[in-house]
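S.K.: Sequence plus the predicted model coming up.
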Amino acid sequence: MEQLTDQKAIDYLTHLGQFGRLENGGVTRFVYDDAWIAAMNHVLRDARTRGMAASVDSYGNGFMTYQGKTADQVVAAGSHIDTVNQGGLYDGAYGVTAAVLAMSSLVAEFGQPKKTMTAVAFSEEEGSRFPTSFSGSKHYAGVTETAADLQDHQGMTFGQARQSAVSQLAKTWPVIEQPLPIEFLELHIEQGPILEEKGLSVGIVSAICEQKRFTVTVRGQTNHAGTTPQHLRRDALKAAAKLICDLDEAAGKIGEPLVFTVGELTVQPGSSNVIPGLVKFSVDVRHPDKQIVDQFEALLRKKASQTPKVTVQVDRWLDSRPAIMDARLKHQFEQLIAKRGLAYMTLPSGAGHDTQIMNLKVPTAMLFVPSRNGISHSPKEYTAPADLETGITILKAQLYQECY
Ligand code: GLV
Ligand code: MN
Ligand code: MN
């Protein structure tokens, strides 16, 4: 039961990481791009060699299934295969790796399960290409469909990109909408420093933080940089810079664990001798307490409406409520970890995960493994191979309890 003999997690991850690999060792794999299509094909082909039934749905979520003997109940586990711009090998990919390796190892050891086991490779979680996050799990869970007219930075719409990618996958894989599982499990790297600091190889997630994301559009007046006196300018970039600094100061006053990030900013027309007329930037704000995030949103809107000489539009495109993990599944994780003589802790997740979407519909549980130096969303993401294996061993034991 403890041995995961057929493949090391790091080998699976390294192979998957070839799709979208960058020279600096990182990975950029945006939903529906060529690297993403190649990665999804690879994951599904690999699953087929393990005897899993492989299919996609109309969002390009990948499903890899061992049919159960008795019930038509499905237990699902997995994560996403898209990455942030210049991300690492592990975020999302580890959860897919873990689900596939744990399930195939179980079937090799114990044969056909009673309940159906499905490993899921979600199409998109990061919100890195289109102004939307979790579009894959939202579709699978039947929470919301993503608007087809959302655009990426090149002007390609979500609908066009989806249609093109899914029709390429459909040449090889059946396109089948899948039923909801009875529960969902996700393994993920912690993406923070806590487990490493405490010397633990595994952590159980208690809840996932509330987070909101916005696009803020600042409209001023494009004009000549040499002839327009300072007092007559309507400079969108200076207004945006002031607004961002004010919000950062306000975030500091509210205090941790609130986190506030502006990770994207575009300036138009983007010339050194032209006063910027249009600036767009993103805002990502998170806290375990929904009320505090609501309070920050109100402040953002107030400060935006008070910014002089420009107009500021605030569009919220993500609002996820905190997700509480299932007590029974959490308790079972605790027992399985303790039985192996391992120390662990319970911790909340500041990062968003597909689990928070699945949690709107079914009981969920999550396990973290440590991230070296707490680094994630970076080519420097790293988790020690032994910790990767420990996480998968626990997931395998949990799936055994649930499916056999
Ligand atoms: C997902 O990776 C997030 O930004 O939390
Ligand atoms: Mn992730
Ligand atoms: Mn991520």
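M.R.: Alright, I've got the coordinates. Ligands and ions are numbered 1, 2, ... in the order given.
S.K.: State the mean pLDDT of the one helix or strand N41 maps to.
M.R.: Using DSSP states H and E, N41 maps to helix 34-49. Averaged across helix 34-49, pLDDT comes to 98.
S.K.: ok, then the element right after that helix?
M.R.: Note on helix 34-49: by DSSP H and E, the next helix or strand toward the C-terminus is strand 53-56.
S.K.: The helix or strand following that following strand: how far from the chain's middle?
M.R.: For strand 53-56, the succeeding helix or strand toward the C-terminus, using DSSP H and E, is strand 62-66. On the basis of C-alpha atoms, centre = their mean, to the nearest Å, strand 62-66 sits 19 Å off its chain's mean C-alpha point.
S.K.: can you check stretch 37-49 too?
M.R.: Here the centre of mass of C-alpha atoms in stretch 37-49, compared against the chain's by C-alpha atoms, centre = their mean, lies 20 Å away.
S.K.: I'd say K290 and C209 touch.
M.R.: No: using C-beta atoms under 8 Å as the test, K290 is too far from C209 to be in contact (9.2 Å). The way it works is simple: take the backbone N, C-alpha and C, and place the C-beta from them, glycine included.
S.K.: Of those two, which one has the most company?
M.R.: Comparing K290 with C209 by other C-beta atoms under 10 Å, the one with more neighbours is C209, at 23 against 16.
S.K.: got a pLDDT number for the most centrally placed residue in the chain?
M.R.: Central residue of the chain (C-alpha atoms, centre = their mean): E125, 3.7 Å from the mean position. With respect to pLDDT, E125 scores 98.
S.K.: List the contacts of it.
M.R.: By C-beta atoms under 8 Å, 6 or more residues apart in numbering, the residues touching E125 are 79-80, 82, 92, 133-134, 136-137, 352-354.
S.K.: so how far is Q67 from E109?
M.R.: Distance, E109 to Q67, by C-beta to C-beta, to the nearest Å: 17 Å.
S.K.: residues of stretch 263-272 that come out buried?
M.R.: Residues of stretch 263-272 classed as buried by neighbour count (16 or more other C-beta atoms under 10 Å): V267.
S.K.: residues making contact with that stretch?
M.R.: Residues from elsewhere that reach stretch 263-272 (C-beta under 8 Å, 6+ apart): 153, 222, 225, 236-237, 240, 276-282, 284.
S.K.: make it 7 Å
M.R.: 222, 237, 276-282, 284 (C-beta atoms under 7 Å, 6 or more residues apart in numbering).
S.K.: And these, which is closest to ligand 1?
M.R.: The shortest approach to ligand 1 among these belongs to D284, at 6.9 Å (C-beta to the nearest ligand atom).
S.K.: Need the overlap of contacts for K290 and C209.
M.R.: P322.
S.K.: The residue of the stretch 301-404 of the chain found nearest ligand 2: what's it in contact with?
M.R.: Shortest the stretch 301-404 of the chain-to-ligand 2 distance, computed as C-beta to the ion: residue-wise this is H353, at 5.8 Å. Contact partners of H353, counting by C-beta under 7 Å, 6+ apart, are 186, 188, 208, 366.
S.K.: can you pick the most crowded of the residues you listed?
M.R.: The most neighbours, when the contacts of H353 are compared by other C-beta under 10 Å, belong to E186, which has 30 neighbours.
S.K.: beta partners for that residue?
M.R.: Counting by DSSP bridges, E186 is bridged to M366.
S.K.: What pLDDT is listed against it?
M.R.: For E186, the model assigns a pLDDT of 98.
S.K.: From what I see, it and N359 are in contact.
M.R.: No: counting by C-beta atoms under 7 Å, E186 stays clear of N359, with 10.0 Å between them.
S.K.: quick check, distance from the helix or strand hosting I244 to the centre of its chain.
M.R.: Using DSSP H and E, I244 sits within helix 236-254. Distance of helix 236-254 from its chain centroid, counting by C-alpha atoms, centre = their mean, is 26 Å.
S.K.: chain center to the helix or strand following it: distance?
M.R.: For helix 236-254, the succeeding helix or strand toward the C-terminus, using DSSP H and E, is strand 259-261. Centroid displacement of strand 259-261 relative to its chain, using C-alpha atoms, centre = their mean, is 17 Å.
S.K.: List the buried residues of strand 259-261.
M.R.: Applying 16+ other C-beta under 10 Å to strand 259-261 flags F260 as buried.
S.K.: Using PDB, write down the CA coordinates of the helix or strand just after it.
M.R.: Using DSSP H and E, the helix or strand that follows strand 259-261 towards the C-terminus is strand 265-268. Taking Å, rounded to 0.1, in the frame of the first residue of the first chain, the C-alpha atoms of strand 265-268 are listed here in PDB:
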ATOM      1  CA  LEU A 265      -0.800  47.100 -15.700                       C
ATOM      2  CA  THR A 266      -1.100  48.300 -19.300                       C
ATOM      3  CA  VAL A 267      -0.500  51.900 -20.500                       C
ATOM      4  CA  GLN A 268      -1.800  53.400 -23.700                       C
END
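S.K.: how close does the residue of the stretch 301-404 of the chain closest to ligand 2 sit to ligand 1?
M.R.: 7 Å (C-beta to the nearest ligand atom, to the nearest Å).
S.K.: Repeat that for P348.
M.R.: Going from P348 to ligand 1 by C-beta to the nearest ligand atom gives 13 Å.
S.K.: Looks like that residue contacts E210 (just checking).
M.R.: No: P348 is beyond contact range of E210, at 10.5 Å (criterion: C-beta under 7 Å).
S.K.: intersection of neighbour lists for the two?
M.R.: In contact with both P348 and E210: P288, using C-beta under 7 Å, 6+ apart.
S.K.: So these two - more neighbours on which side?
M.R.: E210 (22 against 15).
S.K.: So what does that one look like in phi/psi?
M.R.: phi -70, psi 140 (degrees, to the nearest 10).
S.K.: T266 versus I275, what's the distance?
M.R.: Between I275 and T266 the computed distance is 16 Å (C-beta to C-beta).
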